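Engineer: I need the structure of the sequence given here:
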Amino acid sequence: MKKLIVFKKFLESYDKENKLLKYLTESEIEKLKSLPSFAKKLENNKFIKESIIDTVHYSWFIPLLNIYSDEEASLFLLALKPSYRKSLLNLLNLKETKDEIHPTLIAFLKEILLRSLMKKEDALLPINCLFDSKLNILLTLGKNKLIKLIDLLSIYDLAKELKYIVEKKKLKKIFSYLKNHEKDFLKTILHYQEPFSTQRINIEQYSDEKTKFRNLLHRCGLLRLSIALSGESIDLIWYVCHYLDIGRGNYIFKECKTKKIANISKTITEQILQIINF
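Structural biologist: Modelled structure (predicted):
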């Protein structure tokens, strides 16, 4: 299937007059037609040019680095870009090596790092070969903007909860825990009627504990993003999860497998687009 996808991308890019189709059988042409259209070129094409290793969040390399000795792990860091190297040195308490290593060894280390992210037999479509999807826009956002998006998604859950809270003291505390842009967004959706029901999260129980309140709200946002992504291609899901840190990414991977609700996914997708416009 992956080969067929790449072939269709090739045809769309280099055979706009469909001259090559005459060399295919009818069944092969039908298979090609059954595939969705590809994404148009993303506005921010830096992700296409950079390697997977340089775009995934550095935390995805921690499980691999923990297998090796500190000295060996420090060598792996030489194959990563400086910002990732600095973060992992601090996080894993490693000593920076000043040794210069041969480009061949760097290439070898990068191959091991890449295989820690995916099995050798797995095929991941390049970003510019992804099928057309409204959520491809997520790949133009960095980690910080994705987290901001997740937090704003959770405001939809908060808006539902506020209807059950009558104590002014609790309401005041809850509003004090929100960032200014979250308060602004809340005002825009306060009277929004969501077309599906959700379980209550009883957020007022955490009105005296800011950290627990923020964590609970963030999980709500993660769950919403997971549901929106559940109907998307595994390639898009993979990229979004790996732009985030390993904790958030694994949570989304897990939830995407169990939360396949087409109508709700469509609604939350529209919410995501509204947030990005906001």
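Engineer: Kindly check the end-to-end length of stretch 111-128 for me.
Structural biologist: With Cα to Cα, to the nearest Å as the measure, stretch 111-128 spans 22 Å from end to end.
Engineer: Check which residues of that stretch are buried.
Structural biologist: For stretch 111-128, the neighbour count (16 or more other Cβ atoms under 10 Å) marks 113-114, 116-117, 124-125, 127-128 as buried. (Each C-beta comes from the backbone N, C-alpha and C, glycine too.)
Engineer: In JSON lines: those residues, plus distance to Glu255 and secondary structure.
Structural biologist: Output for these, formatted as JSON lines (distance: Cβ to Cβ, whole Å; DSSP: H, G, I helix; E, B strand; the rest coil):
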{"residue": "Leu113", "distance to Glu255": "26", "secondary structure": "helix"}
{"residue": "Leu114", "distance to Glu255": "25", "secondary structure": "helix"}
{"residue": "Ser116", "distance to Glu255": "23", "secondary structure": "helix"}
{"residue": "Leu117", "distance to Glu255": "20", "secondary structure": "helix"}
{"residue": "Leu124", "distance to Glu255": "20", "secondary structure": "coil"}
{"residue": "Leu125", "distance to Glu255": "22", "secondary structure": "coil"}
{"residue": "Ile127", "distance to Glu255": "23", "secondary structure": "helix"}
{"residue": "Asn128", "distance to Glu255": "27", "secondary structure": "helix"}
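Engineer: Among these, list the two that are farthest apart in space.
Structural biologist: Ser116 and Asn128 (24.2 Å; Cβ to Cβ).
Engineer: can you give me the offset of the helix or strand hosting Ile106 from its chain's centre?
Structural biologist: Ile106 belongs to helix 103-117 when assigned by DSSP states H and E. Relative to the chain's own centre, helix 103-117 is displaced by 23 Å; criterion: Cα atoms, centre = their mean, to the nearest Å.
Engineer: Report all helices and strands that the helix or strand following that helix contacts.
Structural biologist: With elements assigned by DSSP H and E, the helix or strand that comes after helix 103-117 is helix 143-153. Secondary-structure packing of helix 143-153 (3 or more Cβ pairs under 8 Å, 6 or more residues apart in numbering; DSSP states H and E): helix 180-189, helix 210-229, helix 234-243, helix 262-277.
Engineer: can you give me the angle the last one makes with helix 180-189?
Structural biologist: So the one you mean is helix 262-277. Counting by axes from the mean of the first three to the mean of the last three Cα atoms, to 10 degrees, helix 262-277 lies at 130 degrees to helix 180-189.
Engineer: where in the stretch 1-150 of the chain is pLDDT low?
Structural biologist: 1-6, 8-10, 12-17, 19-20, 23, 29, 32-50, 120-122 (pLDDT under 70).
Engineer: change it to 80
Structural biologist: 1-51, 98-100, 119-123, 128-129 (pLDDT under 80).
Engineer: so what's the closest residue to Thr269 other than its chain neighbours scoring on pLDDT?
Structural biologist: Residue nearest to Thr269 in three dimensions, not counting chain neighbours: Ala228, with 4.9 Å by Cβ to Cβ, 6 or more residues apart in numbering. pLDDT, Ala228: 95.
Engineer: so Phe278 makes contact with Thr188?
Structural biologist: Yes: counting by Cβ atoms under 8 Å, Phe278 does reach Thr188; the two are 7.0 Å apart.
Engineer: how distant is stretch 119-133 from the center of its chain?
Structural biologist: 14 Å.
Engineer: likewise stretch 136-143?
Structural biologist: On Cα atoms, centre = their mean, the centre of stretch 136-143 falls 7 Å from the chain's centre.
Engineer: So what would you say the end-to-end distance of it is?
Structural biologist: End to end - Cα to Cα - stretch 136-143 spans 15 Å.
Engineer: which residue is nearest the centroid of the chain?
Structural biologist: Val240 (1.9 Å; Cα atoms, centre = their mean).
Engineer: State the distance from it to Asp184.
Structural biologist: Val240 is 25 Å from Asp184, where distance means Cβ to Cβ, to the nearest Å.
Engineer: circling back: could I get the buried residues of stretch 111-128 as JSON lines with distance to Asn250?
Structural biologist: Formatted as JSON lines, the buried residues of stretch 111-128 follow (distance: Cβ to Cβ, whole Å):
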{"residue": "Leu113", "distance to Asn250": "18"}
{"residue": "Leu114", "distance to Asn250": "18"}
{"residue": "Ser116", "distance to Asn250": "14"}
{"residue": "Leu117", "distance to Asn250": "13"}
{"residue": "Leu124", "distance to Asn250": "17"}
{"residue": "Leu125", "distance to Asn250": "21"}
{"residue": "Ile127", "distance to Asn250": "21"}
{"residue": "Asn128", "distance to Asn250": "26"}
